[in-house]
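**Student:** coords below, sequence missing:
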């Protein structure tokens, strides 16, 4: 009896990573590692650009630094619930950098507000010659509390409200 239970639990646990979850904290890549990835245009089979985890990390850091340099107070600014947040970069979550396919990429960073509040910011980017372009930015967590999760529907990651 115990042996059968152990085998059943072991098989279930080994299959669990392969099963899709209902909601995830962040969009998940279609593959576990992000070595050099070649994205191809839909109309041709010629490579358009190679993007690695290092490229994604460098792209998001460059975006934040560029915006920071342009601001008067030398902070990164993002709109959250009608308020302009002035933020400093704490860290890029290199373990959560993801290729979403089709030349689209995801990055997550922690930033600190002027009052000490910690914000988890999600960025979506597109590969472009010479770098990455941020296409969407949103506040995902405030002081560790998620405002939404992610759910994959038909191969597309969508935000889902937390109930």
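**Tutor:** Perfect, thanks for sending it. What you see is a predicted model, and the numbers here were worked out from it, not measured in a lab. Numbering: from 1, shown residues only.
**Student:** Could you check stretch 70-78 and say which residues are buried?
**Tutor:** Buried residues in stretch 70-78, counted by 16 or more other C-beta atoms under 10 Å: 75, 76, 78. Glycine gets a C-beta too; all of them are placed from N, C-alpha and C.
**Student:** I figured the last one was touching residue 139, is that so?
**Tutor:** Yes - using C-beta atoms under 8 Å, residue 78 makes contact with residue 139 at a distance of 6.6 Å.
**Student:** Give me the common contacts of those two.
**Tutor:** Taking C-beta atoms under 8 Å, 6 or more residues apart in numbering as the criterion, residue 78 and residue 139 both touch 85, 119, 121.
**Student:** what would the residues you listed look like in JSON lines with secondary structure, pLDDT and neighbour count?
**Tutor:** What follows is the shared contacts of residue 78 and residue 139, written out as JSON lines (DSSP: H, G, I helix; E, B strand; the rest coil; pLDDT from 0 to 100; neighbours: other C-beta atoms under 10 Å):
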{"residue": "85", "secondary structure": "strand", "pLDDT": "96", "neighbour count": "20"}
{"residue": "119", "secondary structure": "strand", "pLDDT": "98", "neighbour count": "19"}
{"residue": "121", "secondary structure": "strand", "pLDDT": "97", "neighbour count": "22"}
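**Student:** Do a quick rundown of the strands in this protein.
**Tutor:** 37-40, 47-51, 76-80, 83-92, 98-101, 104-113, 118-128, 131-142, 145-146, 148-153, 156-161 (DSSP state E).
**Student:** what's the closest of those to residue 61?
**Tutor:** strand 83-92 (6.3 Å; C-beta to C-beta).
**Student:** Contacts for the closest one next, please.
**Tutor:** Contacts for strand 83-92 (C-beta under 8 Å, 6+ apart): 57, 60-61, 64, 68, 71, 73, 75-79, 107-114, 118-119, 121, 139.
**Student:** hang on, the earlier thing: ok, the buried residues of stretch 70-78 vs residue 50, which is closest?
**Tutor:** For the buried residues of stretch 70-78, the nearest to residue 50 is residue 76 (27.5 Å; C-beta to C-beta).
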